[in-house]
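K.L.:
Okay, here's the prediction I keep looking at, along with the sequence it came from:
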Amino acid sequence: MAIKLRIMILTLMVVSTATAAEAPDKTLIDDGSMVHDVGSMHLNITNFGLIGSMPGAPTPMAGAPSARWPGVIGVNHLFSGGLMIGAIVNGMPHVSTGQYEMELRASDDVLDVIYEADAATVGGQRYPSLDADDDGDGLEDEDALNGVDDDGDGLVDEDFARVSDQYLRCVLRDDDPAASSIYPDHSPIGLDIIQESFQWAEEAVGGGVGFRYTVRNDGVHTPENIHFGFFMDADIGDAPGDPANDMGFSFAGLVDLDGESIDVQLVGMKDSVGTGGLIAVLILDHPTDPVGVDAPASVSPHAVRIISGQSSYDNGGDPTNDAERYDMLSSFRWDPDTIPDQANDFRAVLSTGRFASLAPGQEITFDLAMIVGADMNDLLRLAAEMIVTQRGQAFDRDGEPTNGEEFVVHWLRDGDVPVANEDSDEDDLQTLPGIVLSVSPNPFNPTTKLTLNLDRPSSVSLRVHDLAGRVVARLISGNRSAGTHHVEWNGTSIDGRALSSGRYLAVLETDTGRMVRPLSLIR
């Protein structure tokens, strides 16, 4: 217990010293005000490297939810967590950490706070929404949610990509002077890090929070042999939890999710007394070498460390310097699960790499998730759901389905894809006796199929109109027999031009009347 107490005191000193020593406008979010709370697991987020709230510690944020589940009346599962980045710079190991050392921090700029968006936030639409180009300038997501006029049009945060029902974003650096003064042994790599976190209200994934870290080399050196990891100190229980009865576990295997086999690899913690649920971290996606190229993704973490808080590093305990931290991130090890009679104050690190190099100006994107479940089956199903969510969906935006130019939107669930609104007020949508008109898929890209069922022969006119009422395509014209008739529309106009993304109307006229069905074209 003594080692954990020493580290905890050091951590608290970092927060208080930093706040006092820096400029009055320092933007550390340390009051527990930024919490993912739309799902069943609630999690505090900061902009100085810490994920969680260190329950039981004498800090302003200690009472904030720290992987608390279920909901606000459950127990906390996390003491603290944070990103770790290791690299070789000029032949020496450098590691920048979010925990226990808080070396990833916002700058002194008053704009470097945490920004939050939800489904109602103006400017946050992203593809495949029909309004992905929020400001109508022909570009999408060019003005990140950061309080800055990134695109120089005089507007702020008017066209960014909001992910999920609740989205938090901040920018961190590993070379902030305050961090170097607090940690004299810290050797910055020169990194600029965008931290994005996502949560959905949907029950299937409400027990998880997704993270995306975009790590950019903003320095002058080219770090090599780069490894990413996430550190998790999980003390399951009421605030504070009992750290002495933790048990570490890992999983690597296939999980069935509604008939699909999902490759899941994670590390987690549970309480030895069998109550309170389980918490885990899993790496979801990262690019493979060469860095900076849109190469296929790999989801193969190569190191799982279950660390004892009561031992030296050589005996399986916490690393205390960059050489030990880098060894922990880069060693090809998969520690065994903890057995019940060895429960202790454990923490876990899950890491991946190696990435050959990161030249100045290049960046790497690294996705992971933190999840909480009632039991192992619950946890593994949630892990599979988060993997599928991060995988997202692919769209053929160029209208050439055979060329393989798919536009992949990550962190996109089926429920996030807009559907055509059948309650349109553009026209009367009454049904016609003996006639059915259906459209699938809708929204669509590049083509959709319109299916017409007639119970008797009829003259038929099926046209596509824009919302101004102009006819843009003629699909059927003339007499048709009873039965089923199919016609495809590829989103082009009468003169063969590719129409822009937007809402259109399929207008059907027969001998018995007229009906309208909305169409949503997404490019």
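P.N.:
Noted; the coordinates are in hand. Numbers count the residues shown, from 1 in each chain.

K.L.:
any idea how far the residue nearest to Leu412 when sequence neighbours are not counted lies from Glu202?
P.N.:
Spatially, and ignoring its direct neighbours in sequence, Leu412 is nearest to Gly392 (4.1 Å; Cβ to Cβ, 6 or more residues apart in numbering). C-betas here are computed from N, CA, C, even on glycine. Spatial separation of Gly392 from Glu202 under the definition Cβ to Cβ, to the nearest Å is 15 Å.

K.L.:
For the residue nearest to Leu412, give me its contacts.
P.N.:
408-412 (Cβ atoms under 8 Å, 6 or more residues apart in numbering).

K.L.:
before we move on, what about Leu368?
P.N.:
Listed by Cβ under 8 Å, 6+ apart, the contact partners of Leu368 are 210-211, 213, 230, 281-284, 350.

K.L.:
what about 6 Å?
P.N.:
With contacts defined as Cβ atoms under 6 Å, 6 or more residues apart in numbering, the neighbours of Leu368 are 211, 230, 283-284.

K.L.:
Present those as JSON lines; the columns should include distance to Gln265, neighbour count and pLDDT.
P.N.:
Written out in JSON lines, the entries for these read as follows (distance: Cβ to Cβ, whole Å; neighbours: other Cβ atoms under 10 Å; pLDDT from 0 to 100):
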{"residue": "Phe211", "distance to Gln265": "16", "neighbour count": "22", "pLDDT": "97"}
{"residue": "Phe230", "distance to Gln265": "13", "neighbour count": "27", "pLDDT": "95"}
{"residue": "Ile283", "distance to Gln265": "7", "neighbour count": "24", "pLDDT": "89"}
{"residue": "Leu284", "distance to Gln265": "10", "neighbour count": "24", "pLDDT": "88"}
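
K.L.:
For beta bridges, what are the partners of the closest residue in space to Ser164 that isn't next to it in sequence?
P.N.:
By the measure of Cβ to Cβ, 6+ apart, the closest residue to Ser164 outside its immediate chain neighbours is Phe198, 3.7 Å from it. When bridges are assigned using DSSP bridges, the partners listed for Phe198 are Tyr167, Gly210.

K.L.:
ok, Phe198 touching Gly210?
P.N.:
Yes: between Phe198 and Gly210 a contact is recorded at 4.2 Å, counting by Cβ atoms under 6 Å.

K.L.:
Okay, the residue lying closest to Asp157 once chain neighbours are set aside and Ser330: tell me how far apart.
P.N.:
For Asp157, the nearest residue in space outside its immediate sequence neighbours is Leu145; the separation is 5.2 Å by Cβ to Cβ, 6+ apart. In this view, Leu145 and Ser330 are 34 Å apart by Cβ to Cβ.

K.L.:
For the residue nearest to Asn315 when sequence neighbours are not counted, give me its contacts.
P.N.:
With Cβ to Cβ, 6+ apart as the criterion, Asn315 has its nearest non-adjacent residue at 7.6 Å, and that residue is Ser308. If you count contacts by Cβ under 6 Å, 6+ apart, Ser308 has them with 316-317, 344.

K.L.:
next one: phi and psi at the closest residue in space to Glu202 that isn't next to it in sequence?
P.N.:
Nearest-residue entry for Glu202: Gly415, 6.4 Å, with adjacent residues in sequence omitted and distances by Cβ to Cβ, 6+ apart. Note on Gly415: its backbone torsions stand at phi -70, psi -10 [degrees, to the nearest 10].

K.L.:
tell me the contacts of Thr447?
P.N.:
Neighbouring residues of Thr447 by Cβ under 6 Å, 6+ apart: 488, 490.

K.L.:
isn't Val516 right up against Tyr504?
P.N.:
No: at 10.4 Å, Val516 does not count as touching Tyr504 under the criterion of Cβ under 6 Å.

K.L.:
ok, these two, which is more surrounded?
P.N.:
Legend: neighbour count by other Cβ atoms under 10 Å for Val516 and Tyr504, higher for Tyr504 (21 against 18).

K.L.:
From Leu350, how far off is Gly48?
P.N.:
Small correction: residue 48 is Phe, not Gly. Summarising the geometry, the distance separating Phe48 from Leu350, computed by Cβ to Cβ, is 22 Å.

K.L.:
actually Val487, not the one I wrote
P.N.:
Taking Cβ to Cβ, one finds Val487 at 52 Å from Leu350.

K.L.:
go on, Leu43?
P.N.:
Using Cβ to Cβ, we find Leu43 at a distance of 17 Å from Leu350.

K.L.:
Looking at the two, which is more packed in?
P.N.:
Counting neighbours by other Cβ under 10 Å for Leu43 and for Leu350 shows that Leu43 has the greater number, 29 against 26.

K.L.:
ok, that one touching Trp69?
P.N.:
No: taking contact to mean Cβ under 6 Å, the distance of 9.2 Å between Leu43 and Trp69 leaves them out of contact.

K.L.:
Show me the helices in the stretch 51-200 of the chain, by range?
P.N.:
With DSSP state H, counting those that start in this stretch applied, the stretch 51-200 of the chain shows helices at 177-182, listed in chain order.

K.L.:
okay, and for it, where does confidence drop off?
P.N.:
Residues of the stretch 51-200 of the chain meeting the criterion pLDDT under 70: 71-73.

K.L.:
can you check the stretch 351-500 of the chain too?
P.N.:
398-405, 418-430, 468.

K.L.:
Strands along that one, start to end?
P.N.:
Along the stretch 351-500 of the chain, the segments classed as strands by DSSP state E, counting those that start in this stretch run 363-373, 393-395, 407-409, 435-440, 448-454, 458-465, 471-480, 483-489.

K.L.:
next helix or strand past the last one?
P.N.:
Scanning forward in sequence from strand 483-489, with DSSP states H and E defining helices and strands, the next element found is strand 502-510.
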